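Visitor: generate a structure from the sequence data that follows.
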Amino acid sequence: MNAKLAPADTTIDAILTELQPHLSSAAQVQQARTFVSQFFSRVAEDDVAVRDAKTWAALLHGLMDFIRVRAANTPSVRVFNPSLENDGWESNYTAVQIATNDMPFLVDSVGIAAHEQGLALHGLIHP
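Guide: Purely as a prediction, here's the structure:
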């Protein structure tokens, strides 16, 4: 990977520490711990280290808020250009977040659709 690695504070515990001020109850803390653990379960350490704990916490906080408002059995898609002012993190790339029930081949289908539009995927996390 050619990306510059972030400081060594990028651990699940460090991310949860950064998330803590945004969580209002013990139940939310436990939900966040479970979510963060699942989110990173198949992410390579090098990919985690590209962002620091504060950035990951902002990204995950926004993602958890996005997922919380999804109606049951209804897919939700969010496409945005993250900024520090609005999202607490930034990227040179457009972010696409998809929340849905488990669907076979969804990741492959999204990748194919992006490729057919001449787009490239910079990063992909599918826990």
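Visitor: flag every buried residue along the helix of greatest length in the chain.
Guide: The helix that spans the most residues within the chain, counting by DSSP state H, is helix 53-68. Neighbour-count burial for helix 53-68 flags 53-64, 66 (criterion: 16 or more other Cβ atoms under 10 Å). The way it works is simple: take the backbone N, C-alpha and C, and place the C-beta from them, glycine included.
Visitor: residues making contact with it?
Guide: Contacts to helix 53-68, defined as Cβ atoms under 8 Å, 6 or more residues apart in numbering, come from residues 6, 9-11, 14-19, 22, 31-32, 35-36, 39, 48, 51, 76, 78, 82, 87-89, 97, 99.
Visitor: let's test this: mean pLDDT of the helix or strand following that helix, rounded?
Guide: Per DSSP states H and E, helix 53-68 leads on to strand 76-80 as the next helix or strand towards the C-terminus. The average pLDDT for strand 76-80 rounds to 96.
Visitor: parallel or antiparallel, which strands does strand 76-80 pair with?
Guide: strand 95-99 (antiparallel) (DSSP bridges).
Visitor: neighbouring contacts of stretch 107-114?
Guide: V96, I98, A120, L121, L124, H126.
Visitor: what's around V69, how many residues?
Guide: Counted with other Cβ atoms under 10 Å, the neighbours of V69 add up to 8.
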